[in-house]
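Novice: Give me the fold of what follows.
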Amino acid sequence: MREWQSLSHVKWECKYHVVIVPKYRKRVLFGRLRGEVGKITLQLCRQKEVELIEGHAMPDHIHLVLSVPPKYSIAMVLGYLKGKSAIHIHRIAHGVKQGFTGRHFWSSGYCVSTVGLNEEMIRAYVRDQEHLDKQEELDFTQNP
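Specialist: Okay, here's the model as predicted:
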């Protein structure tokens, strides 16, 4: 049975699979920053009443499965997450205290897909992304 959530006048289930990448798809998400991005994203999701169901940071992109209330558009939520997280990342990684104008961390676009009846399959894909990428690289190097 599906678990529907509710607000005052609506029952809803709005789940999205999202992929966001750093500017120029640079491999910058590793070490301490990789863990911090997860904490920052979780905190920002809580502030907007968005549920972070699943998430995984790779060196050059992040996969998220989000449950977004229908009062917010997915574009607004991602704009908020990317904008606020970029400020936090610049504070943590680069020690910038003010003057964030003109600084970029995330690329301007994103990939989003609605999660329908195959939620478990998508959640497993997000969880196992790193293992799948490594396996693909091995297959490619062994069979050029």
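
Novice: what ranges do the strands span in this structure?
Specialist: Secondary structure of the chain (DSSP state E): strands located at 5-7, 10-12, 15-20, 51-58, 61-67, 111-114.

Novice: Can you lay out these as TSV showing distance to E36?
Specialist: All C-beta atoms are positioned from the backbone trio N, CA, C, and that covers glycine. Shown next, in TSV, are the strands of the chain (distance: least, C-beta to C-beta, whole Å):
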stretch	distance to E36
strand 5-7	29
strand 10-12	31
strand 15-20	15
strand 51-58	10
strand 61-67	12
strand 111-114	23
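
Novice: which of those strands sits most buried?
Specialist: Comparing the strands of the chain by mean neighbour count (mean count of other C-beta atoms under 10 Å), strand 61-67 comes out on top with a mean of 21.

Novice: centre of the chain versus that one, how much separation?
Specialist: With C-alpha atoms, centre = their mean, to the nearest Å as the basis, strand 61-67 stands 3 Å off its chain's centre.

Novice: Contacts made by that strand with the rest, please.
Specialist: Contact with strand 61-67 is made by 5, 13-22, 25, 29, 37, 41, 45, 50-56, 74, 77, 115, 119, 122-123, 125-126, 129, as judged by C-beta atoms under 8 Å, 6 or more residues apart in numbering.

Novice: and the closest residue to V77 other than its chain neighbours, how many residues sit next to it?
Specialist: Spatially, and ignoring its direct neighbours in sequence, V77 is nearest to V68 (5.4 Å; C-beta to C-beta, 6 or more residues apart in numbering). By other C-beta atoms under 10 Å, the residues close to V68 number 21.

Novice: Next one: V50 from G31, what distance?
Specialist: 26 Å (C-beta to C-beta, to the nearest Å).

Novice: who's more crowded, these two?
Specialist: Between V50 and G31, V50 has the larger neighbour count (other C-beta under 10 Å), namely 23 against 10.

Novice: what's that one sitting at in phi/psi?
Specialist: Backbone geometry at V50, expressed as degrees, to the nearest 10, gives phi -100, psi 130.
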